[in-house]
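In: Sequence below, structure please.
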Amino acid sequence: MRNFTLSLYAFHLCQTLTDALDQVTPDAEVLWENIVKLGESCLPLPGLKDLRSKLICYQNSKYNPRLEKGRQTNWLTDIGNLDLGSIATTEGFKIEGNLQPFRLHDTYAADITFSPESPDTEIEVPQLKHFQPACLLPEKIQASLGQTLWLYGEVDANQNCAQLAKECAIALLAGTSLNPIEINQEKLFGSLLFEYQAIEPNEPDNLAKQCQILISLNNSGANTAQLATEAYDWLLNLLCCHHKIQYVYQQSRVRYPQARKLYSNLEKQMGDIPKLTTNTQKKLKKLNNLLVQIPQTSLDYARCLRDLKAHLTAIETNSTNYRLYQEKINKIGESPQSWQNFLKNCHKRQTQIQTDINYLTPGQELFGQMVETIRGIVEIEQAESDRSLERTIQILGAGLGTGGIVASAISSHIETPITFKPTWKWNTLHPAFNTLFWSIIIAFGAAGATWLLTKKKEQ
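Out: Numbers count the residues shown, from 1 in each chain. As a prediction, the model looks like this:
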């Protein structure tokens, strides 16, 4: 392969919807820090080691995103692209590096391109190891939105490009657990374009550990490199939209089951209410616990629903932008059909998220109704409990009060004990016992009368 280049396009979310306009995500600088680490380990290019001093979002080697405020361009440097210098290989040729750092709205984008010092240098598949491709994979870069490795080379017309592309994909992933899976084989700007997806076997659905690999082989002498340079901004933004859409949809697949779980718990709690114990105090305690739990659950549910709506908007916006960039690319060279198919899949994803939202929206009202229902039950139960307590106090008060009065009256007039003459012999009782006896009788009588009166009133 001649005129060889290997480019890494990495995209990292630096600001979310919940961040203030002057704030960034806690891990916003991860992309740049990991790129610096490349220069300190496997790719000792001078420009990588000194990258912090070139980026405008750093001051005295400290990350300071406020310095980006007010910039009129997407560049994160004052001098455009950065020459990273070169490193020698054991096979006699040098590898040059170039970095183009951007901020695309809420996303950091890095384009690191490596190429032989001389474009006429022939690069064979075994020589790809000198470009340290393993250092350019997700495990090292950790770009939150995803990344693309794009290899370009010019080959002879009789070259078996499909076999060469497969060998290149395997070589780029050598020494890793990632497996290349061929997705499409098409054309872009006159060159054959092979698309692979590198998937982590243990986590096949984890986009953060996947890598898109594009291998462009020019076997027709087409002016692919010139057209790619002309369409550079469109291609960069199209890749950014592609990874954003993938990332956002995956996030929606996480939020939807979380909302469903909260909805399911609510249904269970609603079904448990009629089964609560008849013991008033225990019932009130459980209901009050629900009143504490449900508002927080309702808030979590509302956040899930809000995130799904935000994800839907993000996919709609990025799909629109993706289409615009694709149309601009088509004006200078036909784009692959798979890119058009990707847009169709975007529409399906939008429909799926909208369906999820439609299913979940009624649940938000149900949370509010549940709280109002429980409050109503608590008020009724509490009123019943208070009324029962009030009646008990009335009965006891009447009985004890009446009994006390009678006891006082009797004790002051009894001079001789009351005697009983049963069939068996029994000594006369002390006056104190007579007083106690009559006070208890009167107390029970008064309490009984009060019970009858209050029961009639209650009915």
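In: show me the contacts for the nearest residue to Tyr58 once chain neighbours are set aside.
Out: Nearest non-adjacent residue to Tyr58, counting by Cβ to Cβ, 6 or more residues apart in numbering: Arg52, 4.4 Å away. Heads up, the C-betas are built off the backbone N, CA and C, glycines and all. Arg52 makes contact with Trp32, Val36, Tyr58, Ser61 under the criterion Cβ atoms under 8 Å, 6 or more residues apart in numbering.
In: Name the member of those with the most neighbours.
Out: Top of the contacts of Arg52 by neighbour number is Trp32, holding 21 neighbours under the definition other Cβ atoms under 10 Å.
In: In contact with the residue nearest the centre of the chain, which residues?
Out: Centroid-nearest residue in the chain, with Cα atoms, centre = their mean: Gln251, separated by 5.8 Å. Listed by Cβ under 8 Å, 6+ apart, the contact set of Gln251 reads Asp307, His311.
In: returning to that earlier point: just the ones of the contacts of Arg52 in strands?
Out: Judged by DSSP state E, the contacts of Arg52 include Tyr58 as members of strands.
In: okay, the contacts of Arg52 in a markdown table with pLDDT and distance to Gln100 next?
Out: Shown next, in a markdown table, are the contacts of Arg52 (pLDDT from 0 to 100; distance: Cβ to Cβ, whole Å):
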| residue | pLDDT | distance to Gln100 |
| --- | --- | --- |
| Trp32 | 96 | 13 |
| Val36 | 95 | 16 |
| Tyr58 | 94 | 17 |
| Ser61 | 90 | 21 |
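In: Which of the contacts of Arg52 fall in helices?
Out: Trp32, Val36 (DSSP state H).
In: Output the contacts of Arg52 in CSV, with distance to Leu67 appended to each entry.
Out: CSV is the format used below for the contacts of Arg52 (distance: Cβ to Cβ, whole Å):
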residue, distance to Leu67
Trp32, 13
Val36, 17
Tyr58, 8
Ser61, 13
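In: out of the contacts of Arg52, who's nearest Thr16?
Out: Comparing these against Thr16 with Cβ to Cβ places Trp32 closest, at 18.1 Å.
In: contacting residues for the closest one?
Out: Listed by Cβ under 8 Å, 6+ apart, the contact set of Trp32 reads Leu51, Arg52, Leu55, Cys57, Tyr58, Tyr63, Pro101, Tyr108, Ala110.
In: three-state assignment of the third one?
Out: Counting by DSSP: H, G, I helix; E, B strand; the rest coil, the backbone at Leu55 sits in coil.
In: gap between it and Leu76?
Out: With distances taken as Cβ to Cβ, to the nearest Å, Leu55 is found 5 Å from Leu76.
In: what's the overlap in contacts for these two?
Out: With Cβ under 8 Å, 6+ apart as the test, Leu55 and Leu76 both reach Pro101.
In: Surely the residue nearest to the centre of the chain forms part of a helix?
Out: Yes: assignment of Gln251 by three-state DSSP places it within a helix.
In: All the helices of the chain, residue numbers only.
Out: Along the chain, the stretches classed as helices by DSSP H are 30-40, 46-49, 138-141, 161-172, 224-230, 232-272, 280-330, 337-411, 431-458.
In: what's the neighbour count on Asn202?
Out: 8.
In: Give me the pLDDT value at it.
Out: According to the prediction, Asn202 has pLDDT 84.
In: Spatially nearest residue to it (excluding sequence neighbours)?
Out: Going by Cβ to Cβ, 6+ apart, Asn202 has Ser177 as its nearest residue, at 7.4 Å.
In: Would you quantify the distance from the one you found to His130?
Out: For Ser177 relative to His130 (Cβ to Cβ), the value is 22 Å.
In: Look at stretch 173-184 and report the distance between its end residues.
Out: Terminal residues of stretch 173-184 lie 18 Å apart, using Cα to Cα, to the nearest Å.
In: Ser177 and His130: which is more packed in?
Out: His130 (18 against 13).
In: Show me the contact partners of stretch 120-132.
Out: For stretch 120-132, the external contacting residues (Cβ under 8 Å, 6+ apart) are 1-4, 6, 42-43, 89-91, 93, 95, 114, 116, 153, 164, 167-168, 171-172, 174.
In: Repeat the analysis, applying 10 Å as the threshold.
Out: If you take Cβ atoms under 10 Å, 6 or more residues apart in numbering as the criterion, stretch 120-132 is touched by 1-6, 38, 41-44, 87-95, 97, 114-116, 140, 151, 153, 164, 166-168, 170-172, 174-175.
In: May I see the PyMOL selection of the buried members of those?
Out: Selection of the buried residues among the contacts of stretch 120-132 in PyMOL, burial being defined by 16 or more other Cβ atoms under 10 Å:
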select buried, resi 1+3+4+5+6+38+43+87+93+95+97+114+115+116+151+153+164+166+167+168+171+172
